[in-house]
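K.L.:
sequence unknown, structure follows:
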């Protein structure tokens, strides 16, 4: 299927990089409870 990322490639990326570390480089993350994190949208002027 053209344009679709293979599931194997997605699994490799998930193994090598934690999403919270990547996003945390651009957005301040805070605990959302239950082990979840949240942060403000970097594309809007949110408070």
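P.N.:
Received it, and whenever you're ready, just let me know what you need. This is a predicted model, so every value here is computed, not measured. Numbers count the residues shown, from 1 in each chain.
K.L.:
next helix or strand past the longest helix along the chain?
P.N.:
Longest helix of the chain, by residue count under DSSP state H: helix 7-16. Using DSSP states H and E, the helix or strand that follows helix 7-16 towards the C-terminus is helix 19-24.
K.L.:
Quick check: which element contains residue 37?
P.N.:
Using DSSP H and E, the element containing residue 37 is strand 36-38.
K.L.:
Where does pLDDT dip in the protein?
P.N.:
1 (pLDDT under 70).
K.L.:
again, 90 this time
P.N.:
Across the chain, the ranges flagged by pLDDT under 90 are 1-3, 42, 44-47.
K.L.:
contacts for the longest helix of the chain?
P.N.:
Residues from elsewhere that reach helix 7-16 (C-beta atoms under 8 Å, 6 or more residues apart in numbering): none. For every residue, glycine as well, the C-beta is placed using N, CA and C.
K.L.:
Residue 23 and residue 6, how far apart?
P.N.:
Shown here: residue 23 relative to residue 6, a distance of 23 Å by C-beta to C-beta, to the nearest Å.
K.L.:
More neighbours: these two, which one.
P.N.:
Each of residue 23 and residue 6 has its neighbours counted (other C-beta atoms under 10 Å); residue 23 has more, 14 against 9.
K.L.:
doesn't residue 39 make contact with residue 23?
P.N.:
Yes - between residue 23 and residue 39 there is a contact under C-beta atoms under 8 Å: 6.7 Å.
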